[in-house]
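Engineer: can't give you the sequence, but here's the structure:
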Ligand code: SAH
């Protein structure tokens, strides 16, 4: 049975709160306004895990704050891959487990955050979808993932990608609230934040209306409707042409280009004809294709294409003037790579 770890969380958690919200909170506690700046700094810069450790607060007040949860999740498990990627299983206040991944490169530290516990989309190639859906994450549970990676790596996070467990656009309010906090409170530029979605009818356009500077990535994965339906059950309710139209609208409203993610499954969607078909859809489209060679999961027997096939696909797109890159898998042996995230320690 899942253990209840923080039964005393009866107050709204403070992680994810803006300086203005913290000021209100401090005033409710009859404390001077400058305490909100201290609180903000301790939560977002120093990574405080409890209010009682904020040593600049008067001792007597701190004692009264023992019942207030800051809203940090507990690190339940962490696994480090040889490339330095660390996968975290985080335990939420109701005992649920969610994954976050810290991915270091020479110049960057990227966090792959989850937006839901599990995922209802059930894409056939994705481990998260195999476990079903439990619930949406709250704003503070998303922001916490960034703070945790910052704390463990002892380094500022530079990029955040919503590519962990869950479908962000099914939890838009909390995701948008978290993006705002990650941007304004933690201090990560919006352009360095990417929201990845499989596409939910009407939601991409709604997102556009917020005029975010964050990057939108759309999991296309197929060059025609029949193939897409085979891989992504929700595609049945959302024709490829309608999805692409909505993406075009997004570009028009925001002026930002869209990234299309395309998983490469050997013999299935990785032929040159697929690349040509894809290029036809994207002609004149302000976009970029990010190819993701399939990362293995235990439930299905898809294969990753070999290097030669990947290169043929890349060249076919390049020859048709489609901007393209290939995603390097990170954290594979820790089951931390794209699509391998599930709320357990291994993929077995
Ligand atoms: N729900 C969001 C975020 C999912 S994870 C979305 O669908 O975009 C981020 C990316 O990893 C998505 O493009 C997803 O389709 C891809 N992915 C899922 N399983 C994968 C696997 N086994 N190998 C490679 N990429 C995978």
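Structural biologist: Yep, it's here. These numbers come from a predicted model, not from an experiment.

Engineer: can you name the residue of the stretch 201-348 of the chain nearest the ligand?
Structural biologist: Sorted by distance to the ligand under CB to the nearest ligand atom, the residues of the stretch 201-348 of the chain start with residue 339, at 1.9 Å. The C-beta positions use only the backbone N, C-alpha and C, and glycine is treated the same way.

Engineer: what about that residue, neighbour count?
Structural biologist: Counted with other CB atoms under 10 Å, the neighbours of residue 339 add up to 20.

Engineer: and if you look at residue 173?
Structural biologist: 10.

Engineer: and residue 292, which helix or strand is it part of?
Structural biologist: Counting by DSSP states H and E, the element that carries residue 292 is strand 287-293.

Engineer: mean confidence for that strand?
Structural biologist: In this model, strand 287-293 carries a mean pLDDT of 96.

Engineer: same check on stretch 314-324?
Structural biologist: 97.

Engineer: centroid-wise, who is the farthest residue in the chain?
Structural biologist: residue 60 (39.3 Å; CA atoms, centre = their mean).

Engineer: ok, and what's touching stretch 56-75?
Structural biologist: 5-6, 8-11, 13-16, 29, 31, 35, 38, 42-43, 48-52, 54, 88-93, 98, 140-141, 144-145, 147-148, 152 (CB atoms under 8 Å, 6 or more residues apart in numbering).

Engineer: looking at these, which are in helices?
Structural biologist: 35, 38, 42-43, 140-141, 144-145, 147-148, 152 (DSSP state H).

Engineer: ok, these vs the ligand, which is closest?
Structural biologist: The closest of these, once distances to the ligand are taken by CB to the nearest ligand atom, is residue 145, at 14.0 Å.

Engineer: now the strands for the protein?
Structural biologist: Under the criterion DSSP state E, the chain contains strands at 74-80, 86-91, 97-104, 109-112, 116-118, 133-136, 159-162, 193-197, 215-219, 258-264, 287-293, 324-326.

Engineer: ok, and what's touching the longest one?
Structural biologist: Pointing back at strand 97-104 there. Contacts of strand 97-104 (CB under 8 Å, 6+ apart): 2, 73, 76, 84-92, 109-114, 117, 137, 141, 145, 148-149, 152-153, 155, 157, 164-165, 330-331, 336, 341-344.

Engineer: can we see that at 6 Å?
Structural biologist: 84-91, 110-114, 117, 145, 149, 153, 164-165, 330, 336, 341, 343 (CB atoms under 6 Å, 6 or more residues apart in numbering).

Engineer: same thing with stretch 261-274?
Structural biologist: Against stretch 261-274 from outside (CB under 6 Å, 6+ apart): 217, 219-223, 227, 289-294, 302-303, 305, 309, 312-313, 316.

Engineer: quick one: low-confidence parts of the protein?
Structural biologist: Within the chain, the segments meeting pLDDT under 70 span 1-10, 345-348.

Engineer: domain map for it?
Structural biologist: Listed by automatic domain parsing, the domain ranges of the chain are 1-70, 74-334.

Engineer: so does the last one get close to the ligand?
Structural biologist: In other words, domain 74-334. Yes: using CB under 6 Å from any ligand atom, domain 74-334 comes into contact with the ligand via 123, 125-126, 163, 167, 196-198, 219, 261, 263, 292, 294-295, 297.

Engineer: now for these, which pair is the farthest apart?
Structural biologist: 197 and 297 (20.3 Å; CB to CB).

Engineer: now residue 198: closest residue in space that isn't a chain neighbour?
Structural biologist: residue 219 (4.6 Å; CB to CB, 6 or more residues apart in numbering).

Engineer: how far away is the one you found from residue 169?
Structural biologist: 11 Å (CB to CB, to the nearest Å).

Engineer: looking at those two, which is more packed in?
Structural biologist: Legend: neighbour count by other CB under 10 Å for residue 219 and residue 169, higher for residue 219 (26 against 22).

Engineer: for the more buried one, give the beta-bridge partners.
Structural biologist: Taking DSSP bridges, one obtains residue 261 as the residues bridged to residue 219.

Engineer: hmm, it is touching residue 199, no?
Structural biologist: No: in this structure, residue 219 is not within contact of residue 199 by CB atoms under 6 Å, at 7.3 Å.

Engineer: overlap in contacts, the two.
Structural biologist: Counting by CB under 6 Å, 6+ apart, nothing touches both residue 219 and residue 199.

Engineer: which residues touch the strand holding residue 292?
Structural biologist: Contacts for strand 287-293 (CB under 6 Å, 6+ apart): 257-264, 304, 322-327, 338.

Engineer: residue contacts, residue 195?
Structural biologist: 162, 168, 214, 216.

Engineer: by neighbours, which of these wins?
Structural biologist: residue 168 (29 neighbours).

Engineer: hmm, residue 175 and that one touching each other?
Structural biologist: Yes: contact criterion CB under 6 Å: residue 168 and residue 175 qualify, at 4.6 Å.

Engineer: what residues are shared contacts of these two?
Structural biologist: residue 115.

Engineer: make sure residue 13 is actually in contact with residue 141.
Structural biologist: No: counting by CB under 6 Å, residue 13 sits too far from residue 141 to count as a contact (8.4 Å).

Engineer: compare these two (neighbour count), which wins?
Structural biologist: The neighbour comparison of residue 13 against residue 141 (other CB under 10 Å) goes to residue 141, with 29 against 20.
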